[in-house]
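Novice: The following block contains a protein sequence and its predicted model.
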Amino acid sequence: MTDPIRVLHGAPLRSRNTFGVAATAPLLAEVADATALPGLFARSEFAGRAPLVLGGGSNLLFAGDPDVPLLALTGQDVRIVRDEGDMAIVRADAGVAWHGFVMRMLDEGFAGLENLSLIPGTVGAAPIQNIGAYGVEVREFIHAVESFEPATGRVHRFDAAQCAFAYRDSVFKHEPDRFIVTAVEFALPRTPTLKLDYAGIGDELIAMGIASPTPRDVAQAVIAIRRRKLPDPAVLGNAGSFFKNPIVPVAQAEALQAEHPGMPVFRGNGPDTRKLSAAWFIDASGWKGHRDGDAGVAPTHALVLVNHGNASGHELLTLARRIADSVRTRFAVSIEPEPRIVGASW
Ligand code: FAD
Ligand code: EPU
């Protein structure tokens, strides 16, 4: 049997992050089978060290070289663990590519994940920030998260409630690196309940000439919208939205809207809060399309920082801080980064 663990020293990370910034991992382990993790952490190089798990590198910024070991899970198993006819529990290894998983589930007749098409990254990262797009969050379909805790050598299984999911948030974000997500179980229906209310999906389906959409059609509409709005990291390095949309008290949202009638306001996480648009604040502050050397803001979407070629993580972080400062000065609103910043603090 081939060794499920491959250890690399001085591993270049440029092709392992979608910003395409250069960095080096002093130590990186690729692990094809999560049952090998206890053996990995018994090795002296890894023992007692919380590793940083690297998925597709689509939600992190290397602002310096990591000073902890990196761990990449490469297992590719996907299987139905329970089938109840109208729904099934599907378990996927952390290393499975997210978009391919969504397409495969649609092919196999499962609905639910269509609005989350074309999000880069891995299955294992999906619960970390509770990925969301086009009116759907992955928490709606997560049944359980399997994990390994290096500090104790224990396997933990979290049910959905224990994951404490919220907008771009989960228990895993509050204790980064404590748990390695090794697999995720999804509860997927076979009968679709389509969510078409998010801006643009209905219009896209009409433009496609589709009156009675299937989940596959919705996926195609979402893919088309995303391709227009978001730069492809293979062409222009980026990590999607660089900032989270700020959630503020209702009174603050109303005061801002009275002053700026065009400002969009969305539902918050309860009756007392509203979600505002970080993109709108950044756009209104004049940053869209801005460029400092190779670090810039996408011309198609103000929330996306881009690497025009050879920007360093530090240069991108410097630009991000200037943007956040200018939004705070002009609107008295704090915007926080969405990606994990490695090698520097916000
Ligand atoms: P990485 O970037 O490798 O890691 C992100 C964080 O999760 C790190 O802290 C890492 O340590 C941790 N992590 C990763 N895997 C594990 C694991 N197995 N166990 C424990 N911790 C882990 N996000 C959205 O929510 N919605 C969108 O619509 C969206 N659109 C995007 C569009 C583009 C073009 C890009 C580049 C990014 C977009 N993102 C979006 C952000 C990103 O794709 C998601 O957050 C994705 O889930 C990150 O997956 P990853 O495997 O690349 O994680
Ligand atoms: N807007 C501008 N200028 C721009 C872009 C947008 O003013 O350049 C305003 C518009 O008013 C628009 C509003 O911002 O109506 C919202 O824009 P969009 O629908 O593109 O959504 P978003 O809030 O910018 C969020 C997620 C995305 C997700 C989309 C679609 C966050 C931080 N971002 O973006 O997720 O794909 O909604 O659901 O919540 C990501 O997390 O990386 C990501 C791409």
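Specialist: Done, it's in. Ligands and ions are numbered 1, 2, ... in the order given.

Novice: C-alpha only now, for contacts and for neighbours.
Specialist: Will do.

Novice: Asp77 - nearest residue in space that isn't next to it in sequence?
Specialist: Nearest residue to Asp77, sequence neighbours excluded (C-alpha to C-alpha, 6 or more residues apart in numbering): Asp93, at 5.4 Å.

Novice: What pLDDT does the model give the one you found?
Specialist: For Asp93, the pLDDT comes out at 98.

Novice: which residues touch it?
Specialist: Taking C-alpha atoms under 8 Å, 6 or more residues apart in numbering, we find Asp93 in contact with 75-78, 123-124, 182-184.

Novice: So which bits of the stretch 201-346 of the chain are right by ligand 1?
Specialist: Neighbours of ligand 1 within the stretch 201-346 of the chain, by C-alpha under 6 Å from any ligand atom: 230, 232-233, 238-240, 340.

Novice: which of those residues has the most neighbours?
Specialist: Asn238 (29 neighbours; other C-alpha atoms under 10 Å).

Novice: Let me have the contacts of Asp93 in a markdown table, adding pLDDT and neighbour count as columns.
Specialist: Shown next, in a markdown table, are these (pLDDT from 0 to 100; neighbours: other C-alpha atoms under 10 Å):
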| residue | pLDDT | neighbour count |
| --- | --- | --- |
| Gly75 | 98 | 19 |
| Gln76 | 98 | 15 |
| Asp77 | 98 | 14 |
| Val78 | 98 | 18 |
| Val123 | 99 | 28 |
| Gly124 | 98 | 27 |
| Thr182 | 98 | 26 |
| Ala183 | 98 | 27 |
| Val184 | 99 | 25 |
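
Novice: Give me the distance between the residue nearest to Asp77 and ligand 1.
Specialist: 9 Å (C-alpha to the nearest ligand atom, to the nearest Å).

Novice: Equivalent analysis for Ala320, please.
Specialist: Distance from Ala320 to ligand 1, by C-alpha to the nearest ligand atom: 16 Å.

Novice: who touches Ile142 in this structure?
Specialist: 127, 160, 184-187.

Novice: for Asn17, same thing?
Specialist: 56-58, 60-61.

Novice: Same question for Ser58.
Specialist: Counted by C-alpha under 8 Å, 6+ apart, Ser58 has contacts 17-19, 120-121, 238-240.

Novice: Which of the three states applies to it?
Specialist: coil (DSSP: H, G, I helix; E, B strand; the rest coil).

Novice: Would the longest helix belonging to the chain count as contacting ligand 2?
Specialist: If you go by DSSP state H, the chain has its longest helix at helix 313-331. No. Applying C-alpha under 6 Å from any ligand atom, one finds that helix 313-331 is not in contact with ligand 2, the shortest distance being 13.0 Å.

Novice: quick one: the longest strand anywhere in the chain near ligand 1?
Specialist: Ordering each strand of the chain by length in residues (DSSP state E) puts strand 180-189 first. Yes. Contact of strand 180-189 with ligand 1 (C-alpha under 6 Å from any ligand atom) involves 180-182.

Novice: Pretty sure Leu52 is one of the things Gly343 touches, is it not?
Specialist: No. The criterion here is C-alpha atoms under 8 Å, and Gly343 misses it with Leu52 at 11.5 Å.

Novice: neighbour count winner among the two?
Specialist: Leu52 (20 against 16).

Novice: What parts of the stretch 51-200 of the chain come near ligand 1?
Specialist: Going by C-alpha under 6 Å from any ligand atom, the residues of the stretch 51-200 of the chain near ligand 1 are 52-60, 94, 119-122, 124-126, 128, 131-133, 179-182.

Novice: which of those come close to ligand 2?
Specialist: Among these, ligand 2 is touched by Ala133 when using C-alpha under 6 Å from any ligand atom.

Novice: among the residues of the stretch 51-200 of the chain next to ligand 1, which ones are buried?
Specialist: 52-60, 94, 119-122, 124-126, 128, 131-133, 179-182 (16 or more other C-alpha atoms under 10 Å).

Novice: one step back: list just the nearest of the residues of the stretch 201-346 of the chain next to ligand 1 to ligand 2.
Specialist: Gly240 (3.6 Å; C-alpha to the nearest ligand atom).

Novice: Secondary structure element for that closest one, which one?
Specialist: Gly240 belongs to strand 237-241 when assigned by DSSP states H and E.

Novice: contacting residues around that strand?
Specialist: 18-20, 58-61, 230-233, 303-309, 338-339.

Novice: and it with ligand 2, contact?
Specialist: Yes. Judged by C-alpha under 6 Å from any ligand atom, strand 237-241 comes into contact with ligand 2 through 240-241.

Novice: which neighbours does that strand have in its sheet, and in what orientation?
Specialist: strand 304-307 (antiparallel) (DSSP bridges).

Novice: avg pLDDT for the strand it pairs with?
Specialist: pLDDT averaged over strand 304-307 gives 98.

Novice: can you map out the strands along the stretch 201-346 of the chain?
Specialist: 237-241, 247-249, 265-267, 273-276, 291-292, 295-297, 304-307, 340-342 (DSSP state E, counting those that start in this stretch).
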